[in-house]
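> please work out how this folds:
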Amino acid sequence: MIGEIGGQLEADAAHWYKASGSTKPVIGFIAGETAPAGRTMGHAGAIVGGSDDTAQAKKKIMRSCGIHVVESPAEIGKKVAEVLG
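This is a model prediction of the structure:
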């Protein structure tokens, strides 16, 4: 799952995944880690409006729901290989 700062859809998806009981591994990445709060980053959906839609908050939620979170897109392939063993 690849997401971005702003909005709640990534958190919703993470909670859905946890509630589903699936054991299928999911790798997640949230773009916008260094974006300044309150600044528009490309489109309206990328505005961080509160503490729950920051990159850090979304990654914490994803981890708590069993998603394997990476810090950079470059790590996605490595994490897939690790998780699939």
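
> going forward, measure contacts and count neighbours with C-alpha atoms only.
OK.

> ok, the helix or strand bottoming out on mean pLDDT in the chain: who's next to it in the sheet?
Across the helices and strands of the chain, mean pLDDT, DSSP states H and E gives its lowest value to strand 2-4, namely a mean of 92. Strands that pair with strand 2-4, judged by DSSP bridges, come out as strand 27-31 (parallel).

> which residues touch the helix or strand following the least confident helix or strand of the chain?
Next along the chain after strand 2-4, taking DSSP states H and E as the criterion, comes helix 9-20. Residues external to helix 9-20 that are found in contact with it (CA atoms under 8 Å, 6 or more residues apart in numbering): 3, 58, 61-62, 65-67.

> can you do 6 Å?
By CA atoms under 6 Å, 6 or more residues apart in numbering, the residues outside helix 9-20 that reach it are 62, 65.

> now it against strand 27-31, angle please.
Angle, helix 9-20 to strand 27-31, by axes from the mean of the first three to the mean of the last three CA atoms, to 10 degrees: 160 degrees.

> list the buried residues in stretch 12-28.
Buried residues in stretch 12-28, counted by 16 or more other CA atoms under 10 Å: 14-15, 17, 26-28.

> could you dump those residues to JSON lines with distance to residue 52?
Putting those into JSON lines (distance: CA to CA, whole Å) gives the following:
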{"residue": "14", "distance to residue 52": "13"}
{"residue": "15", "distance to residue 52": "14"}
{"residue": "17", "distance to residue 52": "18"}
{"residue": "26", "distance to residue 52": "21"}
{"residue": "27", "distance to residue 52": "20"}
{"residue": "28", "distance to residue 52": "17"}
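
> quick check: buried residues in the least confident helix or strand of the chain?
3-4.

> burial of residue 68, as a residue count?
19 (other CA atoms under 10 Å).

> what sits against it?
27-28.

> pull up the gap between it and residue 83, please.
8 Å (CA to CA, to the nearest Å).
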